[in-house]
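In: I'll drop the sequence and a predicted model, then ask my questions.
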Amino acid sequence: MLRTKSAVRALTLADHDQALEVCARDPRTNVFVAARILDGALATSPGALLGYDEGSGLQSICWASANLVPVECDAAALAAFAGKLRRWRHHCSSLFGPADLVLPLWEALRPGWGEPRTIRARQPVLAMSGPLDPETARDPEVRLARFDEVDLVTPAAADMFTEEIGYPPYRGSGHLYRQGIASLIRAGHTFVRIVDGEVMFKADVGSVALGVAQVQGVWVAPRWRGQGLAGPAMTEVVAQIQASIAPVVTLYVNDFNKPARATYSRVGFTQIGSFATILM
């Protein structure tokens, strides 16, 4: 029996530019994977980026590490990636990305990967690409977190993760988790408002690439909620990101989180697509 060569392969440093070109077809949607490429993942995480190439150049890619993220896939590419991933011995902790890619990919993987913790099938992707409305209120107390505040920010980040995902980000020693928070602060990617030694508000820039910054981890401490503080705080975050990190700011939000969606609308975000997340 003759074996045909698989159209799916692990990408290498030689594929760097082509992989970025795939992401650049829709940089606002594909910023997460583009940022991993620019951060050197093709060298530091060999095998984590898969490519689909039928012989006419790289058509689609799929980040396959702790997270599974398909990029610019048609039905043939999704089927090919699913065929490859079904043979893996380990599973990812989540799948996320454009809903029209993630949901069919998950259906192909589900028989072998088991039941997920949660399926969030509708997560509006929001973007702010133009200037802020000068009439929109901004919170002048929002600023970059300082490195000496890492032990103040870490529990706030852990509380946000637990509230959002449903389980804590670590068990036992939190050393590695703290290192991740420290890295974001060191990069100038964590914004906070601190009141009397308490993190009242925080937001992180999780990915930056191709002129786009993706915000994640937006959180208001419980006792400060319902007071109209999130909107001005987020407006200030957007202003600072556009001034010093990237001109386009994106994020995605659960469709059932009506307060957050209303806040982002007041800031000036508009919907550009829809993500889905499968939490394993």
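Out: All right, it came through fine.
In: now the strands for this protein?
Out: 8-10, 49-52, 60-64, 67-71, 94-98, 118-128, 143-144, 190-195, 198-209, 212-220, 248-252, 270-279 (DSSP state E).
In: now these in TSV, with mean pLDDT, distance to Gln18 and mean neighbour count?
Out: Backbone N, C-alpha and C define where each C-beta goes, glycine included. What follows is the strands of the chain, written out as TSV (pLDDT from 0 to 100; distance: least, C-beta to C-beta, whole Å; neighbours: other C-beta atoms under 10 Å):
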stretch	mean pLDDT	distance to Gln18	mean neighbour count
strand 8-10	95	12	16
strand 49-52	97	8	24
strand 60-64	97	9	26
strand 67-71	97	12	24
strand 94-98	96	19	23
strand 118-128	96	24	18
strand 143-144	98	35	14
strand 190-195	97	32	21
strand 198-209	97	15	22
strand 212-220	96	19	22
strand 248-252	98	23	23
strand 270-279	96	23	18
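In: ok, so what distance separates Leu91 from Arg117?
Out: Check again: residue 91 is His, not Leu. 12 Å (C-beta to C-beta, to the nearest Å).
In: more crowded one of the two?
Out: Remark: of His91 and Arg117, His91 carries more neighbours, 15 against 12, as counted by other C-beta atoms under 10 Å.
In: what about the residue lying closest to that one once chain neighbours are set aside, neighbour count?
Out: Residue nearest to His91 in three dimensions, not counting chain neighbours: Trp113, with 5.3 Å by C-beta to C-beta, 6 or more residues apart in numbering. Neighbour count for Trp113, taken as other C-beta under 10 Å: 18.
In: isn't Trp113 right next to Leu105, touching?
Out: No - Trp113 is beyond contact range of Leu105, at 10.7 Å (criterion: C-beta atoms under 8 Å).
In: Next, show the common contact partners of His91 and Arg117.
Out: Residues touching both His91 and Arg117 (C-beta atoms under 8 Å, 6 or more residues apart in numbering) are Met280.
In: Next, the contact list for Leu58, please.
Out: 11, 15, 18-19, 21-22, 51-52.
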